[in-house]
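**Student:** Below is the sequence, then the predicted model.
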Amino acid sequence: MIIKEGKAVFEGVAIGKLSVFKKTEQTVKREKVSDVEAEVKRYEDARAAAVNQLQALYEKAVKEVGEASAEIFEAHQMMVEDGDYIDSVENIIRSQGLNAEFAVAETGDNFQKMFLEMDDEYFRGRAADVKDITERIINCLAGGGSVGIESDEPVIVVADDLAPSETVQMDKDKILSFVTVHGSANSHTSILAKTMNIPAIIGCDIPLTDEMNGREAIVDGFEGKVYIDPDPEVLAEKKKILLQEQEKKTLLEQLKGKENITLDGQKINLYANIGNTKDLALVLKNDAGGIGLFRSEFIYLGSDDYPTEEEQFAIYKQVAETMAGKKVIIRTLDIGADKQADYFNLPHEENPAMGLRAIRICLTKPEIFKTQLRAILRASAFGKISIMFPMIISVDEVKKIKSIVAEVKNELDADGLLYDKDIELGIMIETPAAVMMAEELAEEVDFFSVGTNDLTQYTLAIDRQNQSLDEFYDSHHPGLLKMLKMIVDGAHKGGAWAGICGELGSDLSLTKEFLAMGYDELSVSPGRILPLRKVVLETNVSEYKEEKGYK
């Protein structure tokens with residue numbers, strides 16, 4: 001038995017076979033061919049196979065993450081069929097009598113260099129796309145299929161790390177757990193694991209070798225350990241825990257449809273955090289009262305260029321209609337820091353977590369901001385949508401935002417387009433400055449939602465992406481808890497309601513504390529809704545306050 005340790009980012013136990021996810025990079029040899037026309041035909045067949053793969057990926061992505069995020073696969077189809085690219089490959093085959101693999105690789109290298117030498121940032125960004133389609137065609141020439149999980153049964157996915165574009169290609173029904181060598185607790189892999197309600201471990205030094213494929217393993221998301229070829233005693237113990245977890249889930253199912261009311265009558269809203277339209281099924285399955293955080297930046301991160309108003313409108317409209325009158329809070333784009341999109345052409349920053357990000361981008365690039373606001377406002381005619389703005393530090397910022405929102409409303413009125421004229425506007429409380437100005441900010445907006453991840457980072461002066469600082473990172477720091485109380489008090493004094501949408505919202509050890517503080521809403525990963533509801537239903541807030549000495 002081999003035991004590997006890492007950092008658990010979602011609890012639970014998974015038992016199954018390992019499947020190593022590796023980016024496919026073919027070794028290409030330069031070979032002479034005797035029949036050049038037959039070689040051209042091989043290339044044409046591989047090109048057609050690549051197009052079919054990309055079309056299938058596009059259709060899958062449209063269903064899972066929306067049309068805007070799926071466009072990358074449509075763009076890649078067009079590049080595979082680009083006339084200049086095709087001419088170059090066929091010319092190398094015919095004029096030099098070389099194999100198709102080498103001709104494709106050579107063409108790919110030449111086109112990458114051409115794009116990288118261009119002054120325009122957009123075209124430089126296309127170099128990565130050329131590399132992607134080149135590797136896909138070479139993979140097709142070698143008889144390989146589309147990248148994904150090659151298994152007929154659910155597996156434990158082991159990888160270096162996973163990008164959003166890679167997880168899109170995976171069949172979610174075949175994933176028992178994620179284990180990655182790198183990544184952070186706030187990486188896309190972690191967010192996906194929490195959304196899917198499956199155990200996940202990051203920072204694990206598990207080998208990414210072929211011999212790992214198919215080996216029996218246990219992922220313990222409570223301990224942060226992976227057991228490879230487990231001993232019979234360990235297997236029996238973990239199976240018992242897995243059975244207990246399944247029984248707990250069965251009991252939690254019985255809480256569906258119940259109101260979120262404490263034993264002494266205090267109500268709280270339990271909403272879900274989502275990153276794309278695929279998550280909607282989990283939101284409904286777990287009986288969330290609404291969506292407390294729609295991370296709209298994933299629309300941007302999954303696109304090669306700024307998503308258009310119509311593309312965004314279609315996604316927001318789908319979410320609003322699916323939620324059928326339940327609240328949907330859309331956070332405006334939170335690009336920057338650890339979430340980068342090349343086409344934004346953001347400057348290199350020594351400290352991006354405190355740099356040009358989130359609302360600062362929106363206020364310095366109002367044309368991008370207004371496009372998103374138009375899309376959100378138009379979608380508000382089809383459901384109960386609210387808008388939330390991230391990384392606020394001052395009342396002046398909020399007033400500027402409201403002025404821009406008013407401009408967009410006037411434009412929509414002039415165009416005769418419908419929208420919710422009384423749409424709720426809220427802000428994220430993520431900075432100590434916003435905490436200290438809570439009451440004044442509350443007078444300007446309808447609600448607060450606390451982003452505890454960034455608030456903890458800025459309060460403790462600890463980079464939350466830096467794994468070497470984990471021992472110093474204390475999300476239960478007394479100073480932070482005092483701030484959370486100041487926020488909800490300031491919100492209520494200023495006439496706004498207050499919620500929490502950061503990771504602390506799903507920390508069951510703090511649920512009673514948040515109820516005692518007076519929070520109106522908690523927004524968490526869909527799989528955490530029912531466990532939270534259980535705590536709420538079993539809590540007597542008055543007794544808890546008396547026990548803790550609350551005034």
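**Tutor:** Yes, it's here. Residues are numbered from 1 along each chain as shown.

**Student:** Show me what the lengthiest helix in the chain is packed against.
**Tutor:** Secondary structure of the chain per DSSP state H: the longest helix is helix 36-65. Judged by 3 or more C-beta pairs under 8 Å, 6 or more residues apart in numbering; DSSP states H and E, the packing partners of helix 36-65 are helix 67-80, helix 83-96, helix 100-116, helix 121-141, helix 164-168. Backbone N, C-alpha and C define where each C-beta goes, glycine included.

**Student:** Any idea how far that helix is from the middle of the chain?
**Tutor:** Chain-centre distance of helix 36-65: 27 Å, with C-alpha atoms, centre = their mean, to the nearest Å.

**Student:** Okay, angle between it and helix 121-141 too, please.
**Tutor:** 120 degrees (axes from the mean of the first three to the mean of the last three C-alpha atoms, to 10 degrees).

**Student:** would you turn the helices and strands packed on helix 36-65 into JSON lines with distance to Glu309, mean pLDDT and mean neighbour count?
**Tutor:** Below are these laid out as JSON lines (distance: least, C-beta to C-beta, whole Å; pLDDT from 0 to 100; neighbours: other C-beta atoms under 10 Å):
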{"stretch": "helix 67-80", "distance to Glu309": "11", "mean pLDDT": "75", "mean neighbour count": "20"}
{"stretch": "helix 83-96", "distance to Glu309": "31", "mean pLDDT": "92", "mean neighbour count": "16"}
{"stretch": "helix 100-116", "distance to Glu309": "28", "mean pLDDT": "89", "mean neighbour count": "20"}
{"stretch": "helix 121-141", "distance to Glu309": "19", "mean pLDDT": "79", "mean neighbour count": "20"}
{"stretch": "helix 164-168", "distance to Glu309": "22", "mean pLDDT": "56", "mean neighbour count": "18"}
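
**Student:** Which one, of those, ends up nearest to Ala379?
**Tutor:** Among these, the nearest to Ala379 by C-beta to C-beta is helix 67-80 (13.1 Å).

**Student:** tell me what the closest one is packed against?
**Tutor:** Against helix 67-80 (3+ C-beta pairs under 8 Å, 6+ apart) you get helix 36-65, helix 121-141, helix 297-301, helix 309-323.

**Student:** For Gly16, give me its contacts.
**Tutor:** Neighbouring residues of Gly16 by C-beta atoms under 8 Å, 6 or more residues apart in numbering: Glu153, Pro154, Val155, Ile156, Leu176, Ser177, Glu216, Ala217.

**Student:** Apart from its chain neighbours, what residue comes closest to it?
**Tutor:** Leu176 (4.7 Å; C-beta to C-beta, 6 or more residues apart in numbering).

**Student:** For Arg42, give its distance to Ala105.
**Tutor:** 14 Å (C-beta to C-beta, to the nearest Å).

**Student:** Pull the number of nearby residues for Lys29.
**Tutor:** 9 (other C-beta atoms under 10 Å).

**Student:** what kind of secondary structure is the residue lying closest to Thr511 once chain neighbours are set aside in?
**Tutor:** Distance criterion C-beta to C-beta, 6+ apart; nearest residue to Thr511, sequence neighbours excluded, is Val535 at 4.4 Å. The three-state assignment at Val535 reads helix, by DSSP: H, G, I helix; E, B strand; the rest coil.

**Student:** ok, back up a step: which stretch among the helices and strands packed on helix 67-80 comes nearest Lys545?
**Tutor:** helix 309-323 (33.6 Å).

**Student:** Could I get the buried residue list for the closest one?
**Tutor:** Using 16 or more other C-beta atoms under 10 Å as the test for burial, helix 309-323 gives 309, 311-320, 322-323.

**Student:** which one of the residues you listed sits closest to Asp422?
**Tutor:** Asp422 lies nearest to Ala320 out of these, by C-beta to C-beta, at 15.3 Å.

**Student:** which residues touch the closest one?
**Tutor:** Contacts for Ala320 (C-beta under 8 Å, 6+ apart) come out as Val328, Ala379, Ser380, Phe382, Gly383, Lys384, Ile385.

**Student:** Sort out for me which of those are in strands.
**Tutor:** The members of the contacts of Ala320 that map onto strands under DSSP state E are Val328, Lys384, Ile385.

**Student:** Contacts only, for Ala491.
**Tutor:** Ala438, Glu439, Ala442, Phe447, Phe448, Trp497, Ala498.

**Student:** ugh, wrong one, I meant Ala433
**Tutor:** Contacts of Ala433 (C-beta under 8 Å, 6+ apart): Ile393, Ser394.

**Student:** Show me which positions of whatever helix or strand it lives in end up buried.
**Tutor:** Using DSSP states H and E, Ala433 maps to helix 432-436. Counting neighbours by 16+ other C-beta under 10 Å, one finds that the buried residues in helix 432-436 are Ala434, Val435.

**Student:** Just the endpoints, please. Distance across stretch 249-263?
**Tutor:** 22 Å (C-alpha to C-alpha, to the nearest Å).

**Student:** Ok, stretch 254-267 next?
**Tutor:** End-to-end distance (C-alpha to C-alpha), stretch 254-267: 19 Å.

**Student:** Report the buried residues of it.
**Tutor:** Buried residues in stretch 254-267 (16+ other C-beta under 10 Å): Leu255, Asn260, Thr262, Gln266.

**Student:** least trustworthy helix or strand in this protein by mean pLDDT?
**Tutor:** Every helix and strand in the chain was compared by mean pLDDT, DSSP states H and E; the lowest is helix 164-168, with a mean of 56.

**Student:** Parallel or antiparallel, list what pairs with the helix or strand just after it.
**Tutor:** Sequence order places strand 175-180 as the next helix or strand after helix 164-168, per DSSP H and E. Partners of strand 175-180 in the sheet, by DSSP bridges, are strand 155-159 (parallel), strand 200-202 (parallel).

**Student:** Could you list the residues in contact with the shortest one?
**Tutor:** If you take C-beta under 8 Å, 6+ apart as the criterion, strand 200-202 is touched by 6-10, 177-180, 182-185, 187, 189-190, 193-194, 219, 221, 224-226.

**Student:** Just the element for Ala288, please.
**Tutor:** With DSSP H and E as the test, Ala288 turns up in no helix or strand.

**Student:** What about it, how many residues nearby?
**Tutor:** Counted with other C-beta under 10 Å, Ala288 comes out at 28.

**Student:** List the contacts of it.
**Tutor:** Shown in contact with Ala288 (C-beta under 8 Å, 6+ apart): Leu270, Tyr271, Ala272, Lys326, Pro526, Ile529.

**Student:** Mind checking which of these land in helices?
**Tutor:** Per DSSP H, the contacts of Ala288 map to helices at Ile529.

**Student:** Rebuild the contacts of Ala288 as a markdown table, extending it with pLDDT and neighbour count.
**Tutor:** Formatted as a markdown table, the contacts of Ala288 follow (pLDDT from 0 to 100; neighbours: other C-beta atoms under 10 Å):
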| residue | pLDDT | neighbour count |
| --- | --- | --- |
| Leu270 | 96 | 23 |
| Tyr271 | 97 | 26 |
| Ala272 | 94 | 29 |
| Lys326 | 95 | 18 |
| Pro526 | 89 | 25 |
| Ile529 | 92 | 28 |
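
**Student:** Looking at the contacts of Ala288, which are in strands?
**Tutor:** Using DSSP E, the subset of the contacts of Ala288 located in strands is Leu270, Tyr271, Ala272.

**Student:** per-residue confidence at the closest residue to Ala375 other than its chain neighbours?
**Tutor:** Distance criterion C-beta to C-beta, 6+ apart; nearest residue to Ala375, sequence neighbours excluded, is Gln312 at 3.7 Å. Listed pLDDT for Gln312 reads 92.

**Student:** how near is Gln312 to Gln372?
**Tutor:** Here Gln312 is placed at a distance of 6 Å from Gln372 (C-beta to C-beta).
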